[in-house]
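A.B. asks: Mind folding the following:
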Amino acid sequence: MGVWRETIVPESFPDGDWHACLPAQTKAGGQPASFLMATLLGGAATVWLIFLWRSVMQQAPERLTYPRLLSIAGSDSSGGAGIQADLKTFAALGCYGMTAITAITAQNTTGVQAIAPTAPDILQAQIDAVMSDVGCDAIKIGMVFNAESMRGVAASLRQYGVRHVVLDPVVVATAGSVLMEDSAAAVMLAELAPLCSLMTPNLDEARFLTGQSVESPEDMRAAAHQLLRTGAGAVLVKGGHLPGDTISDILVLADGSEHVFADQKIHTRNTHGTGCTLSSAIAAFLALGKNLPQAVQLARAYVRAALQAGAEVQTGHGYGPVNHGFAPQAMQLVPRA
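C.D. replies: The predicted structure is shown next:
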């Protein structure tokens, strides 16, 4: 109740830091949760809070929306990776998630049993349906199984011109199953990568896409610079599979500048979907207004916390998922464009 009484609603939101106009719990994404808690108290508090919330929304309801994220990726029936991991990540970070499903997979923590790519016209229809109505602030692209679908996604990016596009070039699942046809890789590098703000290959994906050995931090750096020549805005090569107790990721920006992120490894088998989770978290933080190095740093911190929270939990008989919901944020509010 005390936080709510500190709410200040200006006549109009300033062009600069709009967060300064909102109560503390709205800044952190906690306002709906606080509202629910107060509602549960019942009585006069409920009436008062409903009145206050309506007053806030009546000031400028058309000028607020949610951070909107679109995931273009495959469905993981076990829920740990793909579309399912992306939606959990978006929700945990207080963003509104939407999907365009590229493929249906039958998979679990031990591997992928079957893949059925979505028909290209249905994939295109999903993207069009989202973009023509809701729109989005950032796109995360994951598994795109074949060349035809890859070309369709590239055409959609050119059509809609979304500012933030994070490409996770999913080639192989955690358990080792192949998730991209060979012919799709060339199309991805030639047509899709130049339209993306960031590519996030792991060591195996960097090796596959460059045709070079990637076995050390120096190899990672060289691979990032090589992939940058595709026209991608930046490349983050993830070093989680390197031996040793330290995990280092290397971000190379378009101007050639480098950022190295290093932490102690978290030893657990529950790593299913970590790449999907990282790339979708980066997209979410970009949609929330962070610059790219900040978004990568915050996304890595989120993934590490999710790994730690789920490190000892057994889900299935193979590589279990991370704990996406260890500390979820309520839906954020942002000004409409």
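A.B. asks: quick one: contacts for the most centrally placed residue in the chain?
C.D. replies: Centroid check for the chain by C-alpha atoms, centre = their mean gives residue 280 as the closest residue, at 1.0 Å. Contacts for residue 280 (C-beta atoms under 8 Å, 6 or more residues apart in numbering) come out as 69, 71, 85, 86, 89, 90, 140, 166. All C-beta spots, glycine's among them, are computed from the backbone N, C-alpha and C.
A.B. asks: Could you pull out the helices in the protein for me?
C.D. replies: Secondary structure of the chain (DSSP state H): helices at 2-5, 24-27, 31-41, 43-59, 82-92, 120-133, 147-160, 182-187, 203-210, 217-228, 274-287, 292-310.
A.B. asks: how much space between the residue nearest to residue 270 when sequence neighbours are not counted and residue 226?
C.D. replies: Leaving aside its sequence neighbours, residue 270 sits nearest to residue 320 (C-beta to C-beta, 6 or more residues apart in numbering; 3.8 Å). Here residue 320 is placed at a distance of 34 Å from residue 226 (C-beta to C-beta, to the nearest Å).
A.B. asks: between the two, which one's more packed in?
C.D. replies: residue 320 (22 against 16; other C-beta atoms under 10 Å).
A.B. asks: ok, the more buried one touching residue 274?
C.D. replies: No - contact criterion C-beta atoms under 8 Å: residue 320 and residue 274 do not qualify, at 11.0 Å.
A.B. asks: Where do the domain boundaries of the chain fall?
C.D. replies: Domain assignment for the chain by automatic domain parsing gives 2-64, 65-310.
A.B. asks: mean confidence for the first one?
C.D. replies: Computed over domain 2-64, the mean pLDDT rounds to 44.
A.B. asks: before we move on, what about stretch 111-122?
C.D. replies: Across stretch 111-122, the average pLDDT comes to 94.
A.B. asks: Repeat that for stretch 320-332.
C.D. replies: Mean predicted lDDT for stretch 320-332 stands at 95.
A.B. asks: repeat for stretch 256-272
C.D. replies: The average pLDDT within stretch 256-272 is 95.
A.B. asks: Stretch 164-184 now?
C.D. replies: Stretch 164-184 shows a mean pLDDT of 80.
A.B. asks: Begin at 6 from now on, thanks
C.D. replies: Happy to do that; since the first residue is 6 now, the last one works out to stretch 169-189.
A.B. asks: Show me what the closest residue to residue 226 other than its chain neighbours bridges to in the sheet.
C.D. replies: Of all residues not flanking residue 226 in the chain, residue 255 sits nearest, at 5.5 Å (C-beta to C-beta, 6+ apart). In this entry, residue 255 is beta-bridged to residue 242, residue 265, by DSSP bridges.
A.B. asks: shouldn't residue 255 be in contact with residue 223?
C.D. replies: No - using C-beta under 8 Å, residue 255 is not in contact with residue 223, being 9.8 Å away.
A.B. asks: Comparing the two, which residue is more hemmed in?
C.D. replies: Neighbour count, other C-beta under 10 Å: between residue 255 and residue 223, residue 255 has more, with 22 against 10.
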